[in-house]
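> pasting a predicted model and its sequence here:
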Amino acid sequence: MKILSSAQLREADTFTISHENLAPGALMERAAQAFTNWFINHCGREKEVAIFCGPGNNGGDGLAVARLLSEHNYLVRTFIPETDSVFSEEFKLNLKRLPARIPVVRFNHTAPLEDRHLSKTRIIDALFGTGLNRPLTGLYAETIRFLNNLHAEIISIDLPSGLFADSATPEDAAVIKASQTITFASPKLALLLPQNQVYSQQMHSVLIGLNIGFIENLRSPFYYVDSVSARSRWKPRPRFGHKGTFGHSLLLVGSYGKIGAAILSTRACLRSGSGLVSVSLPRAGYQIMQTAAPEAMVLADPSEKIITELPPELEKYAVVGLGPGIGQAAETKKMLGNLLEKVKVPLVLDADALNLLAADKSLLPKLPPETILTPHPKEFERLTQPFTDDFERLKRLREFCQQYRCYVVLKGANTCIGTPSGNHFFNSTGNPGMATGGSGDVLTGIITALRAQGYPAEDACILGVYIHGLAGDFAKNEKGETALIASDIIENLGKAFKTLEETA
Ligand SMILES: NC(=O)C1=CN([C@@H]2O[C@H](COP(=O)(O)OP(=O)(O)OC[C@H]3O[C@@H](n4cnc5c(N)ncnc54)[C@H](O)[C@@H]3O)[C@@H](O)[C@H]2O)[C@@H](O)CC1
Ligand SMILES: Nc1ncnc2c1ncn2[C@@H]1O[C@H](COP(=O)(O)OP(=O)(O)O)[C@@H](O)[C@H]1O
Ligand SMILES: [K+]
């Protein structure tokens, strides 16, 4: 799914209205209906609903939602800040359509709102959406601070009011702190970036029937990977396939004290469909690996504690995955340099392999084309340089991928995959339970296995990250977030792949 900018969404709104000859307010009605459906499914009638409506079409949505919720027997009040802003036509239309039974409270400062028991209500924030063009000031900023201080549950329509959809919001700006944002037609870029997490704990995207053909022709470097886009990249295993069909993965992983990382990536690789898996690791890990993963073939490095050498016949493998648990010893770095000189098959680099690259950036131009790197934000910062905000980090990600013709999987909530063609794919699966040691090692195993099976680098990254998060979500259903460990993700890979297999 494409992530559209505010300007593109406005164009798509306008096109849809004229192309489908929609009556004034008809598209807004669809949006309000989509919000209302979500609300009815998630929020009971035990609490009164207070809807704060701004002067534009976001406020118009709020008024339409007030009418629809009232028709569904919710107790609703609306609140409109009195300023010199001009009301939009659709705001006025929906104000006219508001049944008389719904109170409209107009206010020009927030003090009179103090005694209206708002902290006990559910607040719907319909002050501003994608039309915001500067930070909020005056009564609007005062209202936002007042609402945030109530510590009530706030549900934002389309965007938390005050948040810029496509660029960095100034740090001291007044922005609603929502528990949920129900966003229309396309997830907004700002809602996918960690720096804005304080403004919306959860985000849910709903479709409002914007013209599909028009959206297909819009250009955007940003995509959101949902179940439909993940499925479209998944390939069934051919009936006459044999283990040779599905590729031979070589993993170079582990060091003394970190053989666990080697085991996690190996098991994940085995569970992700690689035809064969070989692991090269320090001698100390030989027996442990043979016992922990009997399906894998194990090659012991001459060194007891670290990896120092490349196994022979690199060309017989379909892919090489390097990094989890390897440490940063000089001999290991030499081996990495050797690998970059010799390797002719796809590479997946993670963890200390990335730190070794960061410590000697002269190695970066030697990365074979289409190498996949899977840094967490700190590792990515070491590879590039510190950034002031997430938007700058996205820019760096694009530049880095283009410069080194590589794919970068920037891990975290809504992991972002950068590609050499300048695109960014944000993942939709996963949960904070996955923020636990070893879950990145699991991801390396998954992506390596997909590459072994012949998935192009872009598909291997997108599908791998999606499946990893989905397995994490299944693990969360069983164990909750707090107790989740990386092995639980591996145990749920079967369920995650099965979901794709059955619905593709
Ligand atoms: N156009 C349409 O048909 C649809 C619009 N939709 C809704 O409309 C929203 C966008 O509506 P608008 O474009 O009217 O934008 P908004 O409702 O976000 O606000 C725009 C209004 O606020 C003013 N404004 C912007 N920044 C301000 C500031 N800092 N201080 C004071 N005033 C400020 C603008 O001059 C304009 O009058 C979306 O977020 C969505 O909620 C949905 O109903 C879907 C359909
Ligand atoms: N809050 C979160 N929501 C979703 N996924 C997360 C979250 N935190 C971490 N993850 C995922 O867990 C993995 C952690 O990887 P990494 O930081 O490399 O851990 P490790 O090095 O311990 O294996 C990444 O794939 C990341 O996307
Ligand atoms: K809003």
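Okay, I see it. Ligands and ions are numbered 1, 2, ... in the order given.

> measure the residue in the stretch 351-500 of the chain that ligand 1 sits nearest to to Ser249 for me?
Using C-beta to the nearest ligand atom, Phe391 is the residue of the stretch 351-500 of the chain that sits closest to ligand 1, at 19.3 Å. All C-beta atoms are positioned from the backbone trio N, CA, C, and that covers glycine. Using C-beta to C-beta, to the nearest Å, one obtains 36 Å as the distance from Phe391 to Ser249.

> more neighbours, the two?
Of the pair Phe391 and Ser249, Ser249 is the one with more neighbours under other C-beta atoms under 10 Å, namely 31 against 17.

> wait, that one touches Leu322, no?
No - shown here, Ser249 and Leu322 do not form a contact pair, counting by C-beta atoms under 8 Å, at 11.3 Å.

> now do the shared contacts for those two.
Here Ser249 and Leu322 have no joint contacts, going by C-beta atoms under 8 Å, 6 or more residues apart in numbering.

> about what we covered before: does the residue of the stretch 351-500 of the chain closest to ligand 1 lie in a helix or a strand, and which?
helix 390-404 (DSSP states H and E).

> check which residues of that helix are buried.
Neighbour counts over helix 390-404 (16 or more other C-beta atoms under 10 Å) mark 390-391, 393-394, 396-398, 400-401, 404 as buried.

> stretch 60-75 now?
Buried residues in stretch 60-75 (16+ other C-beta under 10 Å): 60-70, 74.

> and those, which is closest to Pro81?
Among these, Gly62 lies closest to Pro81 (C-beta to C-beta), at 11.8 Å.

> how many residues are close by the residue of the stretch 301-450 of the chain found nearest ligand 3?
Of all residues in the stretch 301-450 of the chain, Asn414 sits closest to ligand 3, at 20.3 Å by C-beta to the ion. Neighbours of Asn414 under the rule other C-beta under 10 Å: 21.

> and it, how close does it get to Leu191?
Distance, Asn414 to Leu191, by C-beta to C-beta: 9 Å.

> circling back to that earlier point, give me phi/psi at the residue of the stretch 301-450 of the chain closest to ligand 3?
Here is the backbone geometry of Asn414 (degrees, to the nearest 10): phi 50, psi 50.

> same question for the one 10 residues further on.
For His424, the backbone dihedrals (degrees, to the nearest 10) come out as phi -130, psi 130.

> and it, what does it touch?
Residues in contact with His424 (C-beta under 8 Å, 6+ apart) are 221-223, 394, 397-398, 416-418.

> what do you get if the cut-off is 6 Å, keeping everything else the same?
Shown in contact with His424 (C-beta atoms under 6 Å, 6 or more residues apart in numbering): 221-222, 416, 418.

> check it and give its pLDDT.
His424 carries a pLDDT value of 98.

> what of Ala471?
98.

> same check, this time on Ser303
Note on Ser303: pLDDT of 98.

> which residues touch it?
Pro282.

> give me phi/psi at it?
phi -80, psi 140.

> gap between it and Met297?
Distance, Ser303 to Met297, by C-beta to C-beta: 19 Å.

> check Asn57 too.
For Asn57, the distance to Met297 - C-beta to C-beta - is 62 Å.

> just how off-centre is stretch 152-169 within its chain?
Relative to its chain's centre, stretch 152-169 lies at 17 Å (C-alpha atoms, centre = their mean, to the nearest Å).

> surely Ile263 meets Thr291?
No - under the criterion of C-beta atoms under 6 Å, Ile263 is not in contact with Thr291, lying 9.6 Å apart.

> comparing the two, which residue is more hemmed in?
Taking neighbours as other C-beta under 10 Å, Ile263 and Thr291 compare with Ile263 leading, 29 against 9.

> which one is the more buried one nearest to, not counting chain neighbours?
Nearest residue to Ile263, sequence neighbours excluded (C-beta to C-beta, 6 or more residues apart in numbering): Ala292, at 4.7 Å.

> Lys495 too?
Spatial nearest neighbour of Lys495, excluding adjacent residues (C-beta to C-beta, 6+ apart): Phe474 at 4.9 Å.

> residues in contact with the lengthiest helix in the chain?
If you go by DSSP state H, the chain has its longest helix at helix 457-479. With C-beta under 6 Å, 6+ apart as the test, helix 457-479 has contacts from 225, 230, 233, 370, 372, 407, 409, 415, 417, 419, 425, 427, 429-431, 433-434, 443, 446-447, 450-451, 484, 488-489, 492-493, 495-496.

> which of those residues are buried, as a ChimeraX select command?
With 16+ other C-beta under 10 Å as the criterion, this ChimeraX line picks the buried residues out of the contacts of helix 457-479:
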select :225,230,233,370,372,407,409,415,417,419,425,427,429,430,431,433,434,443,446,447,450,451,484,488,489,492,493,496
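
> out of the contacts of helix 457-479, list just those in strands.
Counted as lying in strands by DSSP state E, out of these, are 225, 372, 407, 409, 417, 425, 427.

> farthest pair in those residues?
Farthest pair in the ones in strands among the contacts of helix 457-479, by C-beta to C-beta: Val225 and Ile372, 15.7 Å.

> residues from the stretch 51-200 of the chain in reach of ligand 3?
By C-beta under 5 Å from the ion, the part of the stretch 51-200 of the chain that sits against ligand 3 consists of 58, 125, 129, 156-157, 161.

> name the nearest of the residues you listed relative to ligand 2.
Ser156 (20.6 Å).

> just the CA trace of stretch 52-60, in PDB.
Extracted C-alpha coordinates of stretch 52-60, given in PDB (Å, rounded to 0.1, in the frame of the first residue of the first chain):
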ATOM      1  CA  PHE A  52     -13.700  18.500  19.500                       C
ATOM      2  CA  CYS A  53     -14.100  19.900  16.000                       C
ATOM      3  CA  GLY A  54     -11.800  22.300  14.200                       C
ATOM      4  CA  PRO A  55     -12.800  24.700  11.400                       C
ATOM      5  CA  GLY A  56     -11.800  22.500   8.400                       C
ATOM      6  CA  ASN A  57     -12.800  19.200   6.900                       C
ATOM      7  CA  ASN A  58     -11.300  17.300   9.900                       C
ATOM      8  CA  GLY A  59     -13.800  19.200  12.000                       C
ATOM      9  CA  GLY A  60     -16.500  18.300   9.400                       C
END
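
> got the buried residues for it?
52-60.

> the residues you listed in strands, which ones?
52-53.

> quick check: which of the buried residues of stretch 52-60 are also close to ligand 2?
Checked against ligand 2 using C-beta under 6 Å from any ligand atom, these give no members in range.

> hang on, the earlier thing: what mean pLDDT does the helix holding Phe391 get?
For helix 390-404, the per-residue pLDDT averages 96.

> before we move on, what about stretch 373-386?
For stretch 373-386, mean pLDDT is 95.

> is ligand 2 contacted by it?
Yes - Stretch 373-386 comes into contact with ligand 2 (C-beta under 6 Å from any ligand atom), by way of His376.

> buried ones in that stretch?
Buried-residue list, stretch 373-386, by 16+ other C-beta under 10 Å: 373-376, 379-380, 382-384.

> rewinding a little: wait, doesn't the residue of the stretch 301-450 of the chain closest to ligand 3 sit right on Leu192?
Yes - between Asn414 and Leu192 there is a contact under C-beta under 6 Å: 4.6 Å.

> between those two, which contacts overlap?
Phe426.

> which residues does Glu295 contact?
Counting by C-beta under 6 Å, 6+ apart, Glu295 has contacts Leu270.

> separation between it and Ala284?
Distance, Glu295 to Ala284, by C-beta to C-beta: 21 Å.
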